[in-house]
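Participant: This is a predicted model, with the sequence first.
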Amino acid sequence: MSTTSTAGILRESLPWSIALSVLMIGAGLLAIALPTIAGIAVNIFVAWLLVFSGIVHLVFAWQTHSKRGMLWELLLGAVYVFIGGYMLLHPLLGLVSLTFALAAYLFAEGILELVLSFRLRPITGWGWLLFDGILTLILGLMIWRVWPWSSEWAIGMLVGVSMLFSGVSRLMLSLAARRMVTKLA
């Protein structure tokens, strides 16, 4: 009985999953084709997250019982709101900052993965971590070397590629699930 109910749930949700996959693939291709617009959209999203986080810190400041805690929360909230507001008012400059932060993050992640891969060297599969570390380091260096000019394409392109691959993998899983449901029926 549970197989029938699971198959029924899968059968009902598969069209939505396939449609979402196709939309993700389309959005990914659009972001790759228009990376600057996609990058600005990411910048605006991050800016609003910072503004809302700042507001939460400001509200929480009034709930803090110590003067030091209240002052810290007020300062932190003001910084979040200021940076988020600045990014909203100047989206291209915000995009430049996000791209620099992304390059620094990828560079640091690449170095840490390289170190970790050598520490895990006796374990089977350590080479994949080494490979990932090298690629991540190269990507971070590539973005950093052409920064700030990479700001126009880096974030939007990476988001687009991520959405494209997420959409393709979701579509493949959905199609595999559809074949499984068809076999069960």
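Facilitator: The structure has been received and is ready for your questions.
Participant: Show the contacting residues for the residue nearest the centre of the chain.
Facilitator: Centroid-nearest residue in the chain: Val159, 7.0 Å away (criterion: Cα atoms, centre = their mean). For Val159, the contact set (Cβ atoms under 8 Å, 6 or more residues apart in numbering) comprises Ala31, Ala38, Gly39, Val42. Placement of C-beta: from N, CA and C, glycine included.
Participant: Need the residues you listed in CSV (columns: distance to Trp48).
Facilitator: CSV is the format used below for the contacts of Val159 (distance: Cβ to Cβ, whole Å):
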residue, distance to Trp48
Ala31, 18
Ala38, 16
Gly39, 15
Val42, 11
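Participant: so which of the residues you listed comes closest to Phe131?
Facilitator: Ala31 (25.9 Å; Cβ to Cβ).
Participant: rewinding a little: in what helix or strand does the residue nearest to the centre of the chain lie?
Facilitator: Assigned by DSSP states H and E, Val159 falls within helix 154-184.
Participant: neighbour-wise, which of the contacts of Val159 leads?
Facilitator: Gly39 (28 neighbours; other Cβ atoms under 10 Å).
Participant: Tell me how far that one lies from Leu116.
Facilitator: As judged by Cβ to Cβ, to the nearest Å, Gly39 and Leu116 stand 30 Å apart.
Participant: and if you look at Leu14?
Facilitator: Counting by Cβ to Cβ - Leu14 and Leu116 are separated by 39 Å.
Participant: same thing with Trp48?
Facilitator: 34 Å.
Participant: where are the low-confidence patches of this structure?
Facilitator: 1-7, 185 (pLDDT under 70).
Participant: Might you report the residue contacts of Ala78?
Facilitator: Counting by Cβ under 8 Å, 6+ apart, Ala78 makes contact with Gly54, Leu58.
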